[in-house]
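1. Quick one, fold the following:
(2 chains)
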Amino acid sequence: MAWFLRQKKGILTDTKNKKNVPDGLFYKTPKGNIVYIKDIIDNAYVCPEDGYHMRIGSQEYFKILFDMNTYTAIHDTCAAKDLLHFTDKKTYSSRLALAKKKTGLQEAIRTAHGKMNGLDIMIACMDFSFIGGSMGTVVGEKIAKAVDFCLQKQMPLLIISKSGGARMMEGSFSLMQMAKTAAKLLLLSQAKIPYISLMTDPTTGGVTASFAMLGDFNIAEPDALIGFAGPRVIKETIGCELPKGFQKSEFLLEKGFLDFIVDRRYLKTKLTTLLKMLQ
Amino acid sequence: MSALDFEKPIIKLEKELEKLKQNSQNTVIIQKLTLEIDNLKKEIFKNLTRWQRVQLARHPQRPYTLNYIEKITEDFIAIYGDRLFGDDKAIVGGLGTIQGKTVMIIGHQKGRNINERKKRNFGMPNPEGYRKALRLMKLAEKFNKPIVTLIDTPGAFPGIEAEERGQAEAIAKNIQTMCSLKVPVINIVIGEGASGGALGIGVGDRMLMLENTWYSVIAPESCSAILWKGWEYKEQAAESLKLTAQDMLAQKMIDEIIPEPLGGAHRNIDAIALTVKKKIIQYLQELENMDVAERVFKRIKKWSCFDHGFLYPEK
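-> Numbers count the residues shown, from 1 in each chain, chains lettered A, B, ... in the order given. Sure thing, here's the model as predicted:
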């Protein structure tokens, strides 16, 4: 009698088949344009009317960047432990369990390698849907392992950041991931293997202040929020309104902290061109 | 003298003792009271909560970087500016001699009174502070002088200009560059170690924390505000974050706890400075005996191998 008992435990849907994007027929962008959702999906999740870049996850980025959506994920089962037995209004364990159930993901980052226009590439892509894309020990470890793989195979690395910062529920363990990722990327840099950091909306806190700003090329999608402190914190600290466009990609480019901004529709082509130039 | 709530009974007795000493020659009573104060201190400081440690780390009388520099160096030449934008008063640094040996000392600096606090921006650096620190570290590397950093910050400054000038980039670059420095680097948390603002001058071969300090990914108040949606859960947040020196040692993230005088570092600055000085000398000796390549290799390994906190479930 399997009516009430699950015979197979756990989530069976493959991450590849998981749906992040709403299933409706139409999508309204922040500028108010109503677009047929399929038109957005076919357009690298960018609104054809106003160029709005929808927030997407690792599954979508992999689909956009890897040839034929074919890739090999590494360390996909690596999962966090509640080392501190952290409890706020909920326990960290229950937050983790909920996030896994809600997203079908194991953690806030996925790492995979494959071909991009025929070039070998390792892509580490963060998922904001998993506890705000926060960086804990697993994010640090998966980046470290991705770097090890790149060092071994002489393969370029692309990290797509989308994160609220370090994960509070892992206390100083998450803080140390800033140093862990930076130390690993130093080895990659010393080996002269290209590392491209793509910052997407939003990239803040400990992620920006570590691996996201350490690329040979620090690039971003248009209109993405990128900063160290979040705008709300800054507003509360200084007690006045923030200038328009503050902490957006275009602002960072203007201030000299980005190499260039890239439209997601041309991301694959531009990355390929860049990597070919470095060969 | 300002005092924390749990210090008040001690200070009250100390005042009584003072009066007694002035008005009476009765050594028996004086001795008895001295002993009583000592026992009370031991009792109170034996069972400090995590939040009380945070309070001690922020004690207004607590010694800051410049106090340590004054006490432990024979000669000191302060160096200013990042040569790019300006001089950040929240990070100080310079060359000093400790027992005749030249050391580059860099640390966060807080202020004692309102004006000084404003000048030091409450110990919250802007990007130019981190860039100055980096410049000083590269200078030390060039002349083969070891580096000691003293950490005491409530965080990197969250301001408009800090963002404009690349706070995140400055911290990230420091963290990475510190991994590669060819000279010995010792980091000591002397007060507060808040997040990236601390780590920005906090990567080295050895990490030490004073007994009553904290180091974590976020200050307990901010953690409370985000997770509990209110500032009033800071005690609980401090408990959950496990942020004290004792926690950090238990988590194997630091090498050693430097004991403070009974009652906290602020009760005897000479004593704590001497202990810190001895530890610096001890660790520098150990590190300087290592081969350069080996030391850098071990440092990178140490920081890139926090191999706990996750699991690979069996397939």
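
2. ok, the residue lying closest to A:Leu252 once chain neighbours are set aside - contacts?
-> Nearest residue to A:Leu252, sequence neighbours excluded (Cβ to Cβ, 6 or more residues apart in numbering or on different chains): A:Leu258, at 4.8 Å. C-beta: built from backbone N, CA, C; applies to glycine. By Cβ atoms under 8 Å, 6 or more residues apart in numbering or on different chains, A:Leu258 lies in contact with A:Met199, A:Asn218, A:Ile219, A:Ala220, A:Ile226, A:Ser249, A:Leu252.

3. Near chain B, which residues of the stretch 1-150 of chain A? Just list them.
-> With Cβ under 8 Å from any Cβ of the partner chain as the criterion, the stretch 1-150 of chain A meets chain B at residues A:75, A:77-81, A:83-84, A:86-89, A:136-138, A:140-141, A:144.

4. now the contacts of A:Leu258 as JSON lines including neighbour count and secondary structure?
-> Listed next are the contacts of A:Leu258 as JSON lines, based on neighbours: other Cβ atoms under 10 Å in any protein chain shown; DSSP: H, G, I helix; E, B strand; the rest coil:
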{"residue": "A:Met199", "neighbour count": "31", "secondary structure": "strand"}
{"residue": "A:Asn218", "neighbour count": "23", "secondary structure": "strand"}
{"residue": "A:Ile219", "neighbour count": "22", "secondary structure": "strand"}
{"residue": "A:Ala220", "neighbour count": "27", "secondary structure": "strand"}
{"residue": "A:Ile226", "neighbour count": "28", "secondary structure": "strand"}
{"residue": "A:Ser249", "neighbour count": "26", "secondary structure": "helix"}
{"residue": "A:Leu252", "neighbour count": "25", "secondary structure": "helix"}
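
5. can you confirm B:Lys41 is in a helix?
-> Yes: counting by DSSP: H, G, I helix; E, B strand; the rest coil, one finds B:Lys41 located in a helix.

6. Run through the residues that contact it.
-> B:Ile10, B:Leu262, B:Gly263.

7. What segments of the stretch 1-150 of chain A are strands?
-> Ranges of strands within the stretch 1-150 of chain A are A:26-28, A:34-36, A:71-74, A:79-80, A:109-116, A:119-126, based on DSSP state E, counting those that start in this stretch.

8. Over to the stretch 151-300 of chain B?
-> B:185-194, B:206-210, B:214-216, B:256-258.

9. Briefly note if the first one comes near chain A.
-> Think strand B:185-194. No: under the criterion of Cβ under 8 Å from any Cβ, chain A is not reached by strand B:185-194; the shortest gap measures 8.6 Å.

10. pLDDT of that strand, averaged?
-> For strand B:185-194, the mean per-residue pLDDT is 98.

11. same check, this time on the second one
-> Across strand B:206-210, the average pLDDT comes to 97.

12. That one - contacts with which helices or strands?
-> With contacts taken as 3 or more Cβ pairs under 8 Å, 6 or more residues apart in numbering or on different chains; DSSP states H and E, strand B:206-210 sits against strand B:185-194, helix B:245-250, strand B:256-258, helix B:269-288.

13. Could you dump those into TSV and include distance to A:Ala179?
-> Output for those, formatted as TSV (distance: least, Cβ to Cβ, whole Å):
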stretch	distance to A:Ala179
strand B:185-194	11
helix B:245-250	14
strand B:256-258	19
helix B:269-288	18
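
14. Which residue is the nearest non-sequential neighbour of the closest residue to chain A within the stretch 101-250 of chain B?
-> With Cβ to the nearest Cβ as the measure, B:Pro158 is the residue of the stretch 101-250 of chain B nearest to chain A, at 3.2 Å. Of all residues not flanking B:Pro158 in the chain, A:Ala229 sits nearest, at 3.2 Å (Cβ to Cβ, 6+ apart).

15. Mind checking what secondary structure the one you found has?
-> A:Ala229 - assigned by three-state DSSP - is coil.

16. again with B:Phe85
-> Once three-state DSSP is applied, B:Phe85 turns out coil.

17. and it, backbone torsions?
-> The phi and psi values for B:Phe85, taken as degrees, to the nearest 10, are phi -130, psi -50.

18. ok, now how distant is it from chain A?
-> 12 Å (Cβ to the nearest Cβ, to the nearest Å).

19. hang on, that residue packs against B:Gly166?
-> No: counting by Cβ atoms under 8 Å, B:Phe85 sits too far from B:Gly166 to count as a contact (10.2 Å).

20. the more surrounded of those two?
-> More neighbours surround B:Gly166 than the other of B:Phe85 and B:Gly166, with 23 against 14 (other Cβ atoms under 10 Å in any protein chain shown).

21. show me where the stretch 151-279 of chain A has helices.
-> A:171-190, A:205-208, A:231-238, A:249-255, A:267-278 (DSSP state H, counting those that start in this stretch).

22. what's the least confident stretch among these?
-> Among the helices of the stretch 151-279 of chain A, helix A:231-238 scores lowest, with a mean of 88.

23. residues bridging contact with B:Phe85 and B:Gly166, i.e. touching both?
-> B:Pro127.

24. want to try a markdown table for the strands of the stretch 1-150 of chain A, with mean pLDDT, mean neighbour count and distance to B:Leu134 as columns?
-> As requested, the strands of the stretch 1-150 of chain A are exported to a markdown table (pLDDT from 0 to 100; neighbours: other Cβ atoms under 10 Å in any protein chain shown; distance: least, Cβ to Cβ, whole Å):
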| stretch | mean pLDDT | mean neighbour count | distance to B:Leu134 |
| --- | --- | --- | --- |
| strand A:26-28 | 88 | 15 | 45 |
| strand A:34-36 | 91 | 13 | 47 |
| strand A:71-74 | 96 | 16 | 33 |
| strand A:79-80 | 92 | 22 | 32 |
| strand A:109-116 | 98 | 23 | 28 |
| strand A:119-126 | 98 | 23 | 26 |
